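Colleague: How does the following fold in three dimensions:
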Amino acid sequence: MTKHRGVDLVFEAVGSGKTIEQSIKVARKLSKIVIVGLVNSDVNLSLETVCSIVRKELAIYGSYDADIKPLPLNNWETSLRFLETKRLDFTSLIAHRYKIDDIDKVFREMADNKEKFGKVIFVF
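Modeller: As a prediction, this is how the structure comes out:
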């Protein structure tokens, strides 16, 4: 998709050592990586990965999105409860729905700014 140039912005939301390493690998020189995924164990980066951070002059940011601890309030469980009980209607937030097979086409359209995209759902 990027013709091996890499991406300008990586948004890591899983919180695993593997996805953090993948984020660093796909980032192009002088790009930014935003890590929001909370890890639940130590993350060790290989020498090659650390050298990539330096050589590519990457800017890595952490951004806190929610608390996963049970006290005082687990944001994820509360949000899921709202979804399950239909106390909040989130469907209006979804701007587009696409089949997962169309992902390349959709991302090209996003990059080309052919139209404005809000929240996008890919259906498997």
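Colleague: going forward, measure contacts and count neighbours with C-alpha atoms only.
Modeller: OK.
Colleague: Tell me where the protein is predicted with low confidence.
Modeller: In the predicted model, the chain carries pLDDT under 70 at residues 1, 65-72.
Colleague: make it 80
Modeller: Within the chain, the stretches falling below the threshold (pLDDT under 80) are 1-3, 64-77, 79, 88-91, 114-118.
Colleague: quick check: domain ranges of it?
Modeller: If you go by automatic domain parsing, the domain ranges for the chain are 1-88, 89-124.
Colleague: Tell me which of those domains sits most buried.
Modeller: Greatest average neighbour count among the domains of the chain goes to domain 1-88 (a mean of 14), per mean count of other Cα atoms under 10 Å.
Colleague: Not counting its own residues, what contacts stretch 26-39?
Modeller: 5-17, 20, 23-24, 55-65 (Cα atoms under 8 Å, 6 or more residues apart in numbering).
Colleague: May I ask you to name the longest strand in this structure?
Modeller: strand 27-35 (DSSP state E).
Colleague: neighbouring strands for that one, and are they parallel or not?
Modeller: If you go by DSSP bridges, strand 27-35 pairs up with strand 7-12 (parallel), strand 59-62 (parallel).
Colleague: Now for Ala13: which residues touch it?
Modeller: Ala13 makes contacts with 35-38, as judged by Cα under 8 Å, 6+ apart.
Colleague: Distance to Arg28 for these - can I get that in JSON lines?
Modeller: Rendered in JSON lines, the data for the contacts of Ala13 read as follows (distance: Cα to Cα, whole Å):
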{"residue": "Ile35", "distance to Arg28": "16"}
{"residue": "Val36", "distance to Arg28": "19"}
{"residue": "Gly37", "distance to Arg28": "21"}
{"residue": "Leu38", "distance to Arg28": "23"}
